[in-house]
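In: sequence isn't available, so here's the structure alone:
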Ligand SMILES: NC(=O)C1=CN([C@@H]2O[C@H](COP(=O)(O)OP(=O)(O)OC[C@H]3O[C@@H](n4cnc5c(N)ncnc54)[C@H](O)[C@@H]3O)[C@@H](O)[C@H]2O)[C@H](O)CC1
Ligand SMILES: [K+]
């Protein structure tokens, strides 16, 4: 059965966005297209029978959230952790018999770091990034991550005190310089990193670290440790994101003295290392989506499934969040009344086309709210199946709560929400 919430006696379309509310719109048309059964005729629109009593009910299967597979979150218990030797062996195997080059693995590792950061710390709120890069491949991951973060809309800076002239690394530096990403020497860093940066990427050392950190990394690690004192001084310190291993920690035993850096996010690569068991920050992600079965079988790796085409996957549960603190900074171009299309349906089509062009997921999903004669409202997500000069079309079935409520009360409302564009488009009906 087709429900048509559409042009009938009166359709009020008020276009809401973050701009001042535009005036309500009224337009009229006679519902003349379909010959609904008398019992299904509604003053504002109609549920018209379609030839076969095809039942089109849209719902998400159990286990899906709103038609989306909930991104796989793995509890820590069933995850494998590598020893330092195993980690080195895995890399050697990947870059030896399994045919990978270090450039490829580093590129994928750095991209994993950047996407993990973007999962949690949006550039609208955490824009200024300092990537502190060490002399080895962990440092290389940091250089790659800085480039990706730039393209994701962050403002990265790099501190890379011990450079090597190997082509791989000098190439990464050139790529960053070509984006005018500033390189800061240790001396050029501010004493208090919390005033100048929102995110600190710790890419100093990975699984080849041993002993006590030698200069200049000893001072750099101390700078990250001292950030906690700013926290006590009521200043919001930058978040620390450690690549593969929190630098200065023992690769297997972790923060042995308890006085090491305390990252907010750890991005383990390929598989977590033993020290990751001691990680107590809120965000543990896994990256390095390139583990072939040969490695997984040899090391009996238990690793979480990456969701969709994501380059990272969260390990453990997301932290409990204070719902009241959830707030996006809506940054969108202004939208003034004079920009609104005269005909609300033209405005809808324009915005719907924008939503399609932005490749938003299910731009035709809409909340349909109805109320039966008991006055109790109910809302349900349904999928728009068409829009024409007579209104919006969606499918439902005769026995649905929607159909029953609409047969008792022809008033309804639709709401489209296009998150990626910070836009909503509500339509409501009233018999003025
Ligand atoms: N499989 C993957 O996902 C990949 C991970 N990668 C990253 O590579 C590192 C391991 O890289 P490696 O070069 O072997 O070691 P480090 O980067 O940890 O550092 C070695 C570097 O540091 C010096 N060093 C060691 N200890 C100290 C110290 N106490 N003080 C000062 N300097 C120290 C040492 O001399 C070396 O120069 C891994 O963790 C991943 O992050 C790759 O990207 C490839 C793919
Ligand atoms: K690190």
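Out: Everything's here; your move. Only a predicted model underlies this, so the values are computations on that prediction, with no experimental measurement involved. Ligands and ions are numbered 1, 2, ... in the order given.

In: residue 140 belongs to a helix?
Out: Yes. Under DSSP: H, G, I helix; E, B strand; the rest coil, residue 140 falls within a helix.

In: who touches it in this structure?
Out: With contact set as CB atoms under 8 Å, 6 or more residues apart in numbering, residue 140 has these partners: 102, 106, 110, 133, 168, 169, 172. Glycine gets a C-beta too; all of them are placed from N, C-alpha and C.

In: phi, psi of residue 250?
Out: phi -70, psi 130 (degrees, to the nearest 10).

In: helix, strand, or coil at the closest residue to it other than its chain neighbours?
Out: Nearest residue to residue 250, sequence neighbours excluded (CB to CB, 6 or more residues apart in numbering): residue 256, at 5.2 Å. Here residue 256 is recorded as coil under three-state DSSP.

In: elements contacting the lengthiest strand in the chain?
Out: Across the chain, the longest stretch assigned as strand under DSSP state E is strand 377-388. The helices and strands touching strand 377-388, judged by 3 or more CB pairs under 8 Å, 6 or more residues apart in numbering; DSSP states H and E, are helix 344-357, strand 365-371, strand 391-395, helix 401-408.

In: please identify which of the ones you listed is closest to residue 115.
Out: helix 344-357 (23.1 Å; CB to CB).

In: for that closest one, name the packing helices and strands.
Out: strand 11-13, strand 377-388, strand 412-418, strand 423-428.

In: make it 10 Å
Out: Contact partners of helix 344-357 among helices and strands, from 3 or more CB pairs under 10 Å, 6 or more residues apart in numbering; DSSP states H and E: strand 11-13, strand 25-27, strand 377-388, strand 391-395, strand 412-418, strand 423-428.

In: you'd agree residue 147 is in a helix?
Out: Yes. Counting by three-state DSSP, one finds residue 147 located in a helix.

In: ok, it - contacts?
Out: Taking CB atoms under 10 Å, 6 or more residues apart in numbering, we find residue 147 in contact with 107, 110-111, 114, 131, 156, 158, 172, 175-176, 178-179, 181.

In: can you list the helices and strands packed on helix 344-357 in a markdown table and add mean neighbour count and mean pLDDT?
Out: Shown next, in a markdown table, are these (neighbours: other CB atoms under 10 Å; pLDDT from 0 to 100):
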| stretch | mean neighbour count | mean pLDDT |
| --- | --- | --- |
| strand 11-13 | 21 | 37 |
| strand 25-27 | 15 | 33 |
| strand 377-388 | 15 | 85 |
| strand 391-395 | 22 | 79 |
| strand 412-418 | 19 | 87 |
| strand 423-428 | 19 | 83 |
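
In: got those strands as JSON lines, with distance to ligand 1 columns?
Out: Output for the helices and strands packed on helix 344-357, formatted as JSON lines (distance: least, CB to the nearest ligand atom, whole Å):
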{"stretch": "strand 11-13", "distance to ligand 1": "52"}
{"stretch": "strand 25-27", "distance to ligand 1": "55"}
{"stretch": "strand 377-388", "distance to ligand 1": "39"}
{"stretch": "strand 391-395", "distance to ligand 1": "47"}
{"stretch": "strand 412-418", "distance to ligand 1": "36"}
{"stretch": "strand 423-428", "distance to ligand 1": "39"}
